[in-house]
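# Coordinates for the following, if possible.
(2 chains)
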Amino acid sequence: MGTFYVTTPIYYVNAAPHMGHAYTTIAADVMARHHRQRGDDVFFLTGVDEHGEPVANAAEALGVTPQALADQNAERFRALMPRLNASIDFFIRTTDAEHKAKVQEVMGRVKENGFVYKGHYEGWYCPRCADFKSEAEIEDGNRCPIHHIELTMEKEENWFFRLSAFQERLEQLYADRPDWVGPRHRANEALSFIKGGLQDVSLSRAKLTWGVSVPWDEEHVFYVWFDALLNYYTALSYAKPGEDLTDRFWPPAQQVIGKDILKFHAVFWPALLMAADLPLPQRLYIHGYLMMDGDKMSKSLGNVLDPFTIMDRFGTDALRHYVLRDVTFGQDGNVSTVAFEGRYEAELANGLGNLASRSIAMVRKYRDGVVPAVEPELREDFDGLADEVAALIDRAELTPAIELVWERVRRLNRYVEETTPWALAKDEGSADRLDVVLATLVEGVRVVAVLLSPVLPETTEKLLAALGAPDVAYERATLTAGAVSHVDALAPLFPKDLPAAATA
RNA sequence: GGCUGGGUAGCUCAGCUGGUUAGAGCGCACGACUCAUAAUCGUGAGGUCGGGGGUUCGAGUCCCCCCCCAGCUACCA
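A predicted model of the protein is given here:
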């Protein structure tokens, strides 16, 4: 029992919600649900990042205010959460007044602590974009990658964050806490970046107005990522009306991000927190990318996977299961509709769905739905399982954790073949034996359902309801005689006779 | 270029500090069974463990060289 504060990145409202957003959110949600099972005091945060130039530019192009555009787009992300069955506790928007005030407060402290100074940023500037371009994105001949016009070297006065002051402390952080960033190779990546020598970074922009204004210099707004990163901290102060949750949950136990924002979270973020005298997150986990174009994006090859299409047709649980199962969490991997359909049918429908189906059917058929209150078998297969799963999830190894449970699904299907309950049912003298087999089967299914409930919240709820044992508390994830006394009929959890996909 | 990962059965991948005939899932072939969503279970097919060299009684598992893939190498949100 403890507290568990988990976060996703805040999603940038300028893009439409896509698989990547769904993926991160699902992973964090599985962790949040798992910890609730364990009785932890959980807070799960997600939200949107609304400031910055792309939004300002897009709004201008549409002839609306940035706020109006942000309002509209933020809603799409907010709507994604119930859609994914993400059990979030709060949805932060960086345009929230409370967030902005808190950012100003924290940054004020950073300045008081002496980590802010006035300097000037110099770089290649595109007048059409009204933005500086990084070295990497400049085209040959110093041209803008978007407008292909020549860039000019310009200088802008702005405030700087003394990142270089944290060089040693960050190196020490990685030395002292090798597991604070996972997987390991991501920590290496961050560390090598740090060891390459940290330079100060600009903290404000004068040319922009769409952002959080710098309290000590109203002509500037904070550069987006300061504003964005601090959401993890600011949210706690106002997520619950009338109560500041900061002391209760800070720092985060687990932050989940995609590899594209590693540097911000593994380097700038801890430095910023140090500068503000705030405790650092316990653990940051970087997942990989779900790739759909490993063999070129091609609809005819069936390798384009759209999360909404999947959810519409197969249900949210099927998507949740697939993305965590088919690609090892933490690595890059390919996903496709073909692979999805294979897993749906083989694992969800034929594996777990059919196991539940046959188990319940036999109890109803042979025992009128009454589960014999006898000691179940298969102890050797289930003892210690819950602890192993928990240990893996604590290390963000979601894919292996799920695999452990799936081994038991296969074990139970094998158990049915080994014990041939249909044969026992024909023999009066085997009644006791059949009792044991049925009790074991139902109990095994129940334990599997409890362990899978974070991944498959909807279907396991239905299944556990049919078993009359809805409690998913983690200590229930162990074989217990008499945990289920009666079973009800259950419609297929993962039906196969689904309507054909609506072709777009 | 440098750094970090990775290249193992058709596919997706396990293989910790080196040790009997290299494993799993899916797919495929054959067989068994019938409780179940025509589901399930068993058996099998034999992959030079990227290539070469080396250390060792013995190497996917350590060392060296090479090839290929991905990521990172600072201000994209």
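
# Would you tell me which residues of the stretch 251-400 of chain A are close to RNA strand B?
Residues of the stretch 251-400 of chain A lying near RNA strand B by CB under 7 Å from any atom of the strand: A:259-264, A:326-328, A:331-334, A:342, A:346, A:349-351, A:353-354, A:356-358, A:361-362, A:365. From N, CA and C alone the C-beta is placed, and that goes for glycine too.

# what's the weakest-modelled helix or strand in chain A?
Lowest by mean pLDDT, DSSP states H and E among the helices and strands of chain A is strand A:131-133, with a mean of 67.

# quick one on the thing from earlier: from the residues of the stretch 251-400 of chain A next to RNA strand B, which land in strands?
A:333-334 (DSSP state E).

# OK, contacts around A:V335?
By CB atoms under 8 Å, 6 or more residues apart in numbering, A:V335 lies in contact with A:19, A:290-292, A:305, A:322-323, A:326-327.

# Most neighbours out of the residues you listed, which is it?
A:V323 (27 neighbours; other CB atoms under 10 Å).

# Show me where chain A dips below the pLDDT cut-off.
A:126-148, A:293-304, A:498-504 (pLDDT under 70).

# In it, which residue sits closest to RNA strand B?
Closest to RNA strand B within chain A is A:G353: 1.9 Å, counting by CB to the nearest atom of the strand.

# For that residue, the count of nearby residues, please.
22.

# Then A:L404?
15.

# again, but for A:V484
Residues within reach of A:V484, counting by other CB under 10 Å, total 21.

# quick one: secondary structure of it?
coil (DSSP: H, G, I helix; E, B strand; the rest coil).

# I'd guessed it sits against A:A469; true?
Yes - between A:V484 and A:A469 there is a contact under CB atoms under 8 Å: 5.1 Å.

# Just the buried ones out of the residues of the stretch 251-400 of chain A next to RNA strand B, please.
In these, burial by neighbour count holds for A:261-262, A:264, A:326-328, A:333-334, A:349, A:351, A:353-354, A:356-358, A:362, counting by 16 or more other CB atoms under 10 Å.

# Max pairwise distance over those: which two?
A:F264 and A:M362 (54.3 Å; CB to CB).

# Mark out where each domain of chain A begins and ends.
Domain assignment of chain A by automatic domain parsing yields the ranges A:3-115+A:162-287, A:299-476.

# correct me, but A:M311 touches A:L319?
Yes - using CB under 8 Å, A:M311 is in contact with A:L319, at 5.3 Å.

# Specify which residue of the two has the higher count of neighbours.
It is A:L319, of A:M311 and A:L319, that has more neighbours when counted by other CB under 10 Å, with 27 against 18.

# so A:V267 touches A:E189, yeah?
No - A:V267 lies out of contact with A:E189 (CB under 8 Å); the separation is 9.9 Å.

# Among these two, which residue is more densely surrounded?
Taking other CB under 10 Å, A:V267 and A:E189 do not tie; A:V267 has more neighbours (23 against 17).

# who touches stretch A:423-439?
A:359, A:362-363, A:365-367, A:371-377, A:415, A:419, A:421, A:481.

# One more pass at 10 Å, please.
Applying CB atoms under 10 Å, 6 or more residues apart in numbering, the contact partners of stretch A:423-439 are A:359, A:362-363, A:365-367, A:370-377, A:415-416, A:418-422, A:479, A:481-484, A:487.

# what does the stretch 401-504 of chain A put close to RNA strand B?
Residues of the stretch 401-504 of chain A that fall close to RNA strand B, judged by CB under 7 Å from any atom of the strand: A:410, A:413-414, A:416-417, A:420-423, A:492-496.

# now the residues you listed: which count as buried?
Counted by 16+ other CB under 10 Å, these give A:413, A:416, A:421, A:493-494 as buried.

# now for those, which pair is the farthest apart?
Once CB to CB is applied, these give A:P421 and A:F494 as the farthest pair, at 22.7 Å.

# which stretches of the stretch 101-250 of chain A form helices?
For the stretch 101-250 of chain A, the helices defined by DSSP state H, counting those that start in this stretch cover A:167-176, A:184-195, A:224-229, A:231-238, A:246-249.

# would you turn those into a markdown table with distance to RNA strand B?
Converted to a markdown table, the helices of the stretch 101-250 of chain A look like this (distance: least, CB to the nearest atom of the strand, whole Å):
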| stretch | distance to RNA strand B |
| --- | --- |
| helix A:167-176 | 9 |
| helix A:184-195 | 4 |
| helix A:224-229 | 3 |
| helix A:231-238 | 10 |
| helix A:246-249 | 21 |
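
# Let me have those in CSV, extended by distance to A:R433.
Listed next are those as CSV, based on distance: least, CB to CB, whole Å:
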stretch, distance to A:R433
helix A:167-176, 57
helix A:184-195, 50
helix A:224-229, 61
helix A:231-238, 56
helix A:246-249, 52
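
# returning to what we had before: now do the shared contacts for A:M311 and A:L319.
Contacts common to A:M311 and A:L319, judged by CB under 10 Å, 6+ apart, are A:22, A:83-85.

# What strand or helix carries A:E403?
Element membership for A:E403 (DSSP states H and E) is helix A:398-419.

# Alpha carbons of that helix, in CSV - could you do that?
Extracted in CSV, the C-alpha atoms of helix A:398-419 (Å, rounded to 0.1, in the frame of the first residue of the first chain):
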residue,chain,number,x,y,z
LEU,A,398,4.0,-4.9,-19.3
THR,A,399,4.4,-7.3,-22.2
PRO,A,400,6.1,-10.1,-20.2
ALA,A,401,3.6,-9.5,-17.4
ILE,A,402,0.7,-10.2,-19.7
GLU,A,403,2.5,-13.2,-21.2
LEU,A,404,2.7,-14.8,-17.7
VAL,A,405,-1.0,-14.7,-17.4
TRP,A,406,-1.5,-15.9,-20.9
GLU,A,407,0.6,-19.0,-20.1
ARG,A,408,-2.1,-19.8,-17.5
VAL,A,409,-4.9,-19.4,-20.0
ARG,A,410,-3.1,-22.0,-22.2
ARG,A,411,-2.5,-24.1,-19.1
LEU,A,412,-6.2,-24.1,-18.3
ASN,A,413,-7.3,-25.1,-21.8
ARG,A,414,-4.8,-27.9,-21.6
TYR,A,415,-6.1,-28.9,-18.2
VAL,A,416,-9.5,-29.4,-19.7
GLU,A,417,-8.1,-31.8,-22.2
GLU,A,418,-6.1,-33.6,-19.6
THR,A,419,-9.0,-34.2,-17.3
